[in-house]
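Q: Dropping the sequence and predicted coords here.
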Amino acid sequence: MARPDFPKTIMEFQKRFATNEACLQYLIDSRWPDGFSCPRCSFTAYYWNSPRKLFQCKQCGHQTSATAGTVMHRSKIELHRWFWAAYFVTTHTPGMSALQFQRQSGISRYETAFMMLHKLRASMVRAGRDKLHGMVEVDESYVGGAKTGPGGRGAKGKAIIVAAVEVHDKKGSKDTYAGRIRLRVVPDVSGKTLCGFISDCVEPGTIIRTDGWSGYNDLKQRGFDHRPEIEGTPENAAKLFPHVHRVFSNLKSWLIGTHHGVSPQHLQSYLNEYVFRFNRRGTPMAAFQTVLSLADERLGPTYEGLYGIAKSKAGAWKQPAGASPVLGNPNSGA
């Protein structure tokens, strides 16, 4: 039996998931489309514990919640708010900041909205996902920091991001378009770091197009068809590697435009969201279902883990000494 379908418009979504009961039934139908099966013994007969919203296996007595193993498990936040958060983050074209979501959903505390969105971002990365193949453009870029820093590969005070972008030919045309992408925050641009990223994300034998940076010199020894090209000028680089440069440009616009800057601590989580949304840009509605199904594998970060903070005796939350500076607007809270 197929999983339940998904509303195609915001009006349909609002009508269908207006109550927590409707959201719970959707979760049950999505997780067990062929009927409930005990995760411990696979027995299909069960009792329904209505007050606690639990399945209890008639054979072994094991109790199971529809939210068990998901980012929503044991959350005191209503299910319909979780559904709205998943809907906004996967279908809203420019994405949504925690402050926007707080206002739209009526959540009283910013920290709650921030935590919810980050838990959903944690569910966007699937372990063992398919590697990129065919032809792939790879490059690095730098984000954040109030100062421009020194030139070249070593911009002080900035975070380094490396990207890999699949390049596909358009049928009946000489033009190309970007397929799937991968993004990662890296500590440096050494050969070990850059070639390690490519080995993790790209299938051996793939054509890898890069600039002439020496950090990519070992790609052939790692089994890739490395085809470096000398850029010369920034303008020429954009022409030689148009897809990866466009990804970086749109990424930076999104980080500043939607989130007004993000902290280095959480930058990889935002990159994960960008990759998730970019790779599913043709099916934004289906991405909602993907987030819920992937959430079975990822519990998501805790509040303390998100903020990297410890509670004082007075009850105030304090940022630890030596915390990283904020990229962009320091008052954004992103």
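A: Yep, that arrived.
Q: C-alpha from now on. contacts and neighbour counts both.
A: Will do.
Q: and this protein, what are its domains?
A: Per the record, the chain has its domains at 1-35+67-122+277-334, 135-261, by automatic domain parsing.
Q: among these, which is nearest Leu267?
A: With CA to CA as the measure, domain 135-261 is the member of these nearest Leu267 (7.5 Å).
Q: Correct me if wrong: Asn272 contacts Val125.
A: Yes: look at Asn272 against Val125 with CA atoms under 8 Å: they come within range, at 6.8 Å.
Q: Secondary structure element holding His243?
A: Per DSSP states H and E, His243 falls inside helix 242-257.
Q: For that helix, name the packing helices and strands.
A: For helix 242-257, the elements it packs on are strand 135-143, strand 159-169, judged by 3 or more CA pairs under 8 Å, 6 or more residues apart in numbering; DSSP states H and E.
Q: what's in contact with the longest one?
A: Contact partners of strand 159-169, identified using CA atoms under 8 Å, 6 or more residues apart in numbering, comprise 132-144, 175-188, 194, 198, 201, 243-244, 264.
Q: Now do the helices in this structure.
A: According to DSSP state H, the chain carries its helices in the segments 10-16, 20-31, 79-91, 98-105, 110-122, 191-201, 234-240, 242-257, 267-279, 284-294, 303-307.
Q: so what does the first one touch, helix or strand wise?
A: Packed against helix 10-16, as judged by 3+ CA pairs under 8 Å, 6+ apart, are no other helices or strands.
Q: want to try TSV for the helices of the chain, with mean neighbour count and mean pLDDT as columns?
A: As requested, those are arranged in TSV below (neighbours: other CA atoms under 10 Å; pLDDT from 0 to 100):
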stretch	mean neighbour count	mean pLDDT
helix 10-16	12	93
helix 20-31	17	92
helix 79-91	21	91
helix 98-105	17	92
helix 110-122	21	92
helix 191-201	17	97
helix 234-240	13	78
helix 242-257	18	94
helix 267-279	20	94
helix 284-294	20	70
helix 303-307	15	47
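Q: Let me have these in TSV, extended by distance to Ile160.
A: Formatted as TSV, the entries for the helices of the chain read as follows, by distance: least, CA to CA, whole Å:
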stretch	distance to Ile160
helix 10-16	37
helix 20-31	39
helix 79-91	25
helix 98-105	24
helix 110-122	20
helix 191-201	11
helix 234-240	17
helix 242-257	11
helix 267-279	10
helix 284-294	27
helix 303-307	21
